[in-house]
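[1] Sequence and computational prediction follow.
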Amino acid sequence: MTGAPVSSDRDALITGIGLISGLGEGARATHALLAGPEPVRPPVEEKTFAPYPVIAMTEIDLSTQIPRRGDQRQMGPWQRFGVYAAGLALDDAGIKDDEELLGRTNLIVAAGGGERDPEADDLVLDAARSSDDPAGSLAEPLLTNLRPTLFLSQLSNLLAGNISIVHHVTGSSRTFMGEELSGAMALEVAVRRIQSGQGDVFLVGGAYNAEREDMLLFYELGRHLWQGDPAAGVWQRAEMGGGIVCGSMGAFLVIESRAHAAARGARAYARLARVASDTGRRDDEAAISARLERLAAALEGETGQGPLGYLCGASGARQASDMERDFIDRLARNREVAVRTFGSVLGHGLEAQMPVGVALAAAALDQNRYYPPFDPSDPAAAGDMPAHCIAVTSFGHWRGEAIAVVAKAD
Amino acid sequence: MASSHRDKLGRPVIAVTGLGVVTSLGIGKDDNWRALTAGQSGIHAITRFATEGLGTRIAGTVDFLNGKPETAADLSYDMAELAAGEAIGEAGLTRGRFPGPLFMAVPPVEIEWPQRLALDAAGAQDKAGYGRLISGARAQNWPWPYDRFVFAGVAERTAETFGTQGAPISLSTACASGATAVQLGVEAIRRGDCEAALCIGTDGSINTESLIRFSLLSALSTKNDPPQEAAKPFSKNRDGFVMAEGAGALVLESLDHALARGAQVLAILAGIGERADDFHRTRSKPDGSAIIRAICNVLADAGLATDAIDYVNAHGTSTPENDKMEHLALDHVFGGALAKMAVSSNKSMIGHTLTAAGAVEAVFSIMTICRGRIPPTINYTEPDPEIVMDVVPNTARDADVTSVMSNSFGFGGQNVCLIMTAP
């Protein structure tokens, strides 16, 4: 198929983007930087968490999106990034102060585990070490060192709760969990609900704080972290044994039906045509092949002519990278594929990876300018082509594979 | 299809064809129902870990499963497998080939203290805090499967066991989570994504730290003695909720799909309603407007008037705040009709099963319809004079119940109501 699909009132349009990362703030600014003439190197921080390089968040002025300091104190950095990005998205969509509209805006957040308080954990461990029965004597140090407010910052659903409180989004509130896949499925459910008439306006996204030792510990238990050349792109890392470089990021998208956007005169960046997801074991070649074919089928009828833009959310984790390579080969059977691994410059943001990829795709379609390669191994094809449609994938470092298809708005 | 069953809004009618449950009262529908309608409490002194020096030393832990689950993820999975196995058996479906997706409410999953202590002991002595833990992680290969620490792990294992279709959704809306799982299933079937959905809420996350965290929020009852009298929803002397564990599972299908395969229809999932609060992280808006809207939304979604609800399976946590606000909202929406409605709280007996509560209580709500008997609110000896309601005090009651509303209100402001009706 080549023709553009017939436009419908129930199309899901992206009308607001809030994007923050190590490279800066704002979808247009990030696009301008990444699509600009100068090659962008990842702003890696090597020392703080050595031997693990991480990409820290750009400087943000929290007071512009979370004006009350009392609110800021109730959150850890992960929640602040998310609430901040959500505020940017609402501003960008022009609905920040529209109480009536916020009251019927549906919130879907992709969240991980809330952040632990490393100082408190350190004190608890210290007390346990000097005890004859460490496991049996946790109560007292926990009681002494845990802070009530920080419990709330540890609940997964409190990113959504804080977005409701700070930005007054109250139509509905759902929090999906489950690492990379949750970011994709949050978008998938929003698109399906809009297309079927189960809601007109959604705020969807996630955030990640890479400067978290509790998460570095989690990844280390799975031996997933990269420890080599901090600036290596994802394919380079994958070839040298694989490894993730965590990146701080946050992306929220305002997604609304075409009819709703038109009625309020909203401008759209792009259309989120569909999102498809699947999961399963990674030790069964036939099952993997079937899953990848189903994901590739999500592109049918949307790709237009010419090279396919493909923002690959590869993390560098080896098993997932093998599947991503396989997927690229499948896509490349029919057309030229311009693969861009945004994780090479932004790092890996788990739940936020897919929302960030979709934000980058929407910005490129809006600006009519695609991205140059981010990794020396990204095929150089079609550097500044005007893209008609961009595929975005996020394959979980452990499980789960998903694709989003982002197309021109009209 | 000429015989297609549609509701008043033209959407597929949703049937419930299978139910399963585990709580501190036991495994399975029958054991639970017997205890629940006998007014029996599952709350007991905690033996899982040392509680000396803690204000709250009671809970509704599930300690009677085979094997010894090592983490919250393991216990949550084990209970979910039991509940879902029962539900799928009742629905007459095949384990391993479930004809639809999985929506699953799971508690927080993370590396826990036993693992932290082991890592700390193996770590570099010259390092502190997480630096030492990470060095311990690097020092050797640990026997713990990675899927115990990933959020997707519990749902992935469950999806594999039951052969659900596509990727499962793991979710949390705090104490509304179980109801959100049902909501997602209803929405997916209504929009034609699937003909069936497996909806589960599970929570096996009681440990030293989680108990202390809720204690620090002053949310828990400290009436430790006797444990079974601590949870007293709607009573004047209520002083907090009692943490508990459990799992509830529901098999949802389009009515057409259920009838076509000759399944027994237990109930119709007639309505879902939601509204988020933007007032405070642990408290409702003082005017109750968010939970009022959630209740109005579920009635509108089900196409039912206020006089059509026979029974409310209350959120009824036994905290001073929740029970006051829940009554305020019910009174506001139902007005005079409230006097004729029964409103009881399962939590008086099973405690607050947190992430699982919405699913567990949806199961009990449907059993109330099927078995024609309303479980009581036990420990109701000092009525709160501000809360004038028929709480079905202390003793179960036979009643012809054709429609139930089940409420779930969560920390973080996520409020969900479900309406289930007789087939």
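    Received the coordinates, thanks. Numbering: from 1, shown residues only, chains lettered A, B, ... in the order given.
[2] how much space between the closest residue to B:P227 other than its chain neighbours and B:A181?
    Closest residue to B:P227 apart from its sequence neighbours, by Cβ to Cβ, 6 or more residues apart in numbering or on different chains: B:I58 at 4.0 Å. Placement of C-beta: from N, CA and C, glycine included. To B:A181, B:I58 is 27 Å away according to Cβ to Cβ, to the nearest Å.
[3] And B:T47, by the same measure?
    30 Å.
[4] how many other residues sit next to residue 42?
    All of this is about chain A. 21 (other Cβ atoms under 10 Å in any protein chain shown).
[5] The intended chain is chain B.
    Neighbour tally, B:G42, other Cβ under 10 Å: 26.
[6] quick one: the strands in the stretch 201-350 of chain A?
    A:201-208, A:246-247, A:249-257, A:270-278, A:308-312, A:337-341 (DSSP state E, counting those that start in this stretch).
[7] Mean neighbour count and distance to chain B added to those, as CSV?
    Output for those, formatted as CSV (neighbours: other Cβ atoms under 10 Å in any protein chain shown; distance: least, Cβ to the nearest Cβ, whole Å):
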stretch, mean neighbour count, distance to chain B
strand A:201-208, 30, 11
strand A:246-247, 29, 13
strand A:249-257, 31, 14
strand A:270-278, 24, 5
strand A:308-312, 27, 19
strand A:337-341, 25, 23
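[8] Out of those, the one nearest A:A128 is which?
    strand A:246-247 (27.6 Å; Cβ to Cβ).
[9] Identify the single longest helix in chain B, thanks.
    The residue-count maximum for a helix in chain B (DSSP state H) belongs to helix B:72-91.
[10] secondary structure element for the closest residue to A:L125 other than its chain neighbours?
    Among residues not flanking A:L125 along the chain, B:D120 sits closest, at 5.2 Å (Cβ to Cβ, 6+ apart). Using DSSP states H and E, B:D120 falls within helix B:113-122.
[11] CSV for the strands of the stretch 201-350 of chain A, including mean pLDDT?
    Output for the strands of the stretch 201-350 of chain A, formatted as CSV (pLDDT from 0 to 100):
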stretch, mean pLDDT
strand A:201-208, 98
strand A:246-247, 98
strand A:249-257, 98
strand A:270-278, 97
strand A:308-312, 93
strand A:337-341, 93
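[12] and B:A249, backbone torsions?
    Backbone geometry at B:A249, expressed as degrees, to the nearest 10, gives phi -140, psi 140.
[13] contacting residues for it?
    Shown in contact with B:A249 (Cβ atoms under 8 Å, 6 or more residues apart in numbering or on different chains): B:18-21, B:80, B:83-84, B:86-88, B:198-200, B:359, B:363.
[14] isn't A:H388 right up against A:A409?
    No - distance between A:H388 and A:A409: 11.4 Å, which falls outside the contact criterion (Cβ atoms under 8 Å).
[15] which stretches of the chain aren't confidently modelled?
    I went with chain A, as the question did not name one. A:1-5, A:303-305, A:380-386 (pLDDT under 70).
[16] wait, chain B
    Checking chain B against pLDDT under 70 turns up B:1-3.
[17] The residue nearest the centre of it and chain A, how far apart?
    Nearest to the mean C-alpha position of chain B, counting by Cα atoms, centre = their mean, stands B:A357 at 1.6 Å. As for B:A357, its distance to chain A is 14 Å (criterion: Cβ to the nearest Cβ, to the nearest Å).
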